[in-house]
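1. Starting from these lines, generate the structure:
(2 chains)
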Amino acid sequence: MKRKVMWVLAGFVAPALCADPATVELGQKEEASNCIACHSVRIIHSQRLTKAAWNRELDKMAGWGAPIENREAVLEYLVSNFGDDKAPPALTMTRAGNGNPTQASH
Amino acid sequence: MLTLNRREILAALATATAARLMRGGEDEPPAILGKRPMILHNDLPEDLETPVRYFGTWLTPTDSFFVRQHLPRPRPIESAAFRLTVNGMVAKPLELTLEDLRRLPQYTVPAVIECTGNGRAFYSPKVPGIQWGRGAIGNAEWKGPRVSDVLKLAGASSAAYVEIDGADSGVAKTPDFVRSLPMTKALHPATLLALEMNGGPLPDLHGAPVRLIVPGWDGTSSVKWVVRLSITDIRNNGFFMNPGYRFPKYNLPPGTPAKPDELEVIEGMPVKSSITAPEDQSKVALGPIAIRGFAWAGEEAIERVEVSTDGGSKWREAELSAPKLPFAWRLWRLNWQPSDPGYYTILSRATDSAGRVQPIVARWNPSGYLYNAIDRIGVIVEKAS
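-> As a prediction, the model looks like this:
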């Protein structure tokens, strides 16, 4: 029984094994606060990139004014969750929108 | 065997749970006013892809037309307050109202708009950017005055470029959305300032009240929410012209960076076809099956679409819809009756009026632009029960 529990846990923590969980969590918190001024997190989470490519994206975003405070933590979070070795996510559909499309709300 | 202390397990579980919640995005997917359910790539600003099952008609209905926005959408502009500035190398700088634009001769052009990154998800190795599949494209009827008529009103000189500014602007240091269009293309009779889309008012999501339409060129050329046209001698050098929306002059080994001085501004689009039915990896009953799709070729017209149902060994010519036009797509169809159940790899390959043929492998590039490889789907044909 104990062995089974450990394997279940191992499955949960697998993405974080090569990264320090606290660092990854810090990176995630930073994403939630500092990456959403210009776009939603969905556009990040739908990508699967190498560490080098994520690094270049962080350079680009920093250049555009994103306040990245813990760069290493953000990078570790991105690579451990959205690395190019991860399966692509399932597609999400919007809900049906009714009404006049010429006056979309903001 | 893996062993972790209690603190590590709790921290990892918290991370995994939070990551799952975040992966689902923002709790519940939004409803987008005036749109059917669309594939959601970005919540704010909305980046929406058309599911292939909506592509059954020559004109893509406005409520299922894809949406790409680089920057937060500008606040809607009251019709009476709208002004289009025309300045730069002109004899008479102008501030045109919507009424002024409506008084000019109005033209209707059916044209495809395709995001430059449509099909980016098919590139390997993966590249950053919205992971569009087949649906960042649509064919609509656009109506409005010609850009050439507006330039004539202002007495524009024969300078090299028209610079176009959309009302959308950046956040923090995000660059403003400004593009330059070569004068020759701006003066083309099909290049419009669209006020209408598919016979109705241009929706806000699609650039109301005025959107540039540059038929046969990549979608990013067709600037939305246009507020300024400036006649210039030099090409704008902002991000959305350089290095954005440029393509390597020489083919790169996949996964390698481009040399900045060997990137060229994208003008025009390659020949391309997409399969819209059956859907990739779907199950179909043994019997007559209609394979359908669309094909387009930028400024050229589609000449031929061939389809293979055996992974590319034998090819048959598909039936094409009329009319045969530059800028607009043609729908195609092949009636197929497989004799056996099983898994089939179906391919489509288009040829255009200039003799261009879709390649087997698209040219990999670091931004994932202009994907146009022969399209490929798999279907499982099952015995009828």
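2. In contact with B:Glu254, which residues?
-> No, residue B:254 isn't Glu; it's Pro. Applying Cβ atoms under 8 Å, 6 or more residues apart in numbering or on different chains, we find B:Pro254 in contact with B:Tyr123, B:Ser124, B:Pro125, B:Trp364. To be clear about C-beta, it is placed using only N, CA and C from the backbone, and glycine gets the same treatment.
3. Can you read off the pLDDT for it?
-> Reported pLDDT at B:Pro254 in the predicted model: 97.
4. how close does it sit to chain A?
-> Here B:Pro254 is placed at a distance of 12 Å from chain A (Cβ to the nearest Cβ, to the nearest Å).
5. Check B:Lys126 too.
-> Taking Cβ to the nearest Cβ, one finds B:Lys126 at 5 Å from chain A.
6. next one: phi and psi at the nearest residue to B:Ala354 once chain neighbours are set aside?
-> Excluding the flanking residues, the one nearest B:Ala354 by Cβ to Cβ, 6 or more residues apart in numbering or on different chains is B:Glu300, at 4.8 Å. Backbone torsions for B:Glu300, taken as degrees, to the nearest 10, come to phi -100, psi 170.
7. circling back: any chance of the contacts of B:Pro254 in TSV, plus secondary structure, neighbour count and pLDDT?
-> TSV is the format used below for the contacts of B:Pro254 (DSSP: H, G, I helix; E, B strand; the rest coil; neighbours: other Cβ atoms under 10 Å in any protein chain shown; pLDDT from 0 to 100):
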residue	secondary structure	neighbour count	pLDDT
B:Tyr123	coil	23	97
B:Ser124	coil	10	95
B:Pro125	coil	14	95
B:Trp364	coil	18	98
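8. Packing partners of the host helix or strand of B:Tyr343?
-> Taking DSSP states H and E as the definition, one finds B:Tyr343 inside strand B:342-352. Contacts defined by 3 or more Cβ pairs under 8 Å, 6 or more residues apart in numbering or on different chains; DSSP states H and E place strand B:342-352 against strand B:272-277, strand B:289-296, strand B:302-308, strand B:375-382.
9. now what about that strand, what contacts it?
-> Here strand B:342-352 has contacts from B:271-275, B:278, B:291, B:293, B:295-297, B:300-312, B:315, B:318, B:332, B:338, B:357-358, B:374-381, using Cβ under 8 Å, 6+ apart.
10. Just the CA trace of that strand, in CSV.
-> Extracted in CSV, the C-alpha atoms of strand B:342-352 (Å, rounded to 0.1, in the frame of the first residue of the first chain):
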residue,chain,number,x,y,z
GLY,B,342,-8.6,0.4,-42.0
TYR,B,343,-6.4,3.4,-41.5
TYR,B,344,-5.8,5.8,-44.5
THR,B,345,-3.5,8.7,-44.9
ILE,B,346,-5.1,11.3,-47.1
LEU,B,347,-3.0,14.1,-48.7
SER,B,348,-3.9,17.2,-50.7
ARG,B,349,-1.7,19.1,-53.1
ALA,B,350,-2.5,22.4,-54.9
THR,B,351,-1.0,23.9,-58.0
ASP,B,352,-1.6,27.6,-58.9
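11. avg pLDDT for that strand?
-> For strand B:342-352, the mean confidence score works out to 98.
12. Now render the helices and strands packed on strand B:342-352 as a markdown table, adding mean neighbour count.
-> What follows is the helices and strands packed on strand B:342-352, written out as a markdown table (neighbours: other Cβ atoms under 10 Å in any protein chain shown):
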| stretch | mean neighbour count |
| --- | --- |
| strand B:272-277 | 25 |
| strand B:289-296 | 23 |
| strand B:302-308 | 21 |
| strand B:375-382 | 18 |
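13. Including distance to B:Pro243 and mean pLDDT, could the ones you listed go into a markdown table?
-> Below are those laid out as a markdown table (distance: least, Cβ to Cβ, whole Å; pLDDT from 0 to 100):
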| stretch | distance to B:Pro243 | mean pLDDT |
| --- | --- | --- |
| strand B:272-277 | 24 | 98 |
| strand B:289-296 | 26 | 98 |
| strand B:302-308 | 31 | 98 |
| strand B:375-382 | 29 | 98 |
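14. Out of these, the one nearest B:Ser79 is which?
-> strand B:289-296 (32.9 Å; Cβ to Cβ).
15. now the closest one against strand B:302-308, angle please.
-> Between strand B:289-296 and strand B:302-308, the angle comes out at 140 degrees (axes from the mean of the first three to the mean of the last three Cα atoms, to 10 degrees).
16. got the angle for strand B:289-296 vs strand B:272-277?
-> 150 degrees.
17. tell me what strand B:289-296 is packed against?
-> Applying 3+ Cβ pairs under 8 Å, 6+ apart, we find strand B:289-296 packed against strand B:137-144, strand B:272-277, strand B:302-308, strand B:330-336, strand B:342-352, strand B:375-382.
18. Chain neighbours aside, what residue packs nearest to the residue of the stretch 151-300 of chain B found nearest chain A?
-> Closest approach between the stretch 151-300 of chain B and chain A, counting by Cβ to the nearest Cβ: B:Ala172, at 2.8 Å. In this structure, B:Ala172 finds its nearest non-sequential neighbour in A:Gly65, 2.8 Å apart by Cβ to Cβ, 6+ apart.
19. cool, A:Ala37 as well?
-> Once flanking residues are discounted, A:Ala37 sits nearest to B:Val171: 5.4 Å by Cβ to Cβ, 6+ apart.
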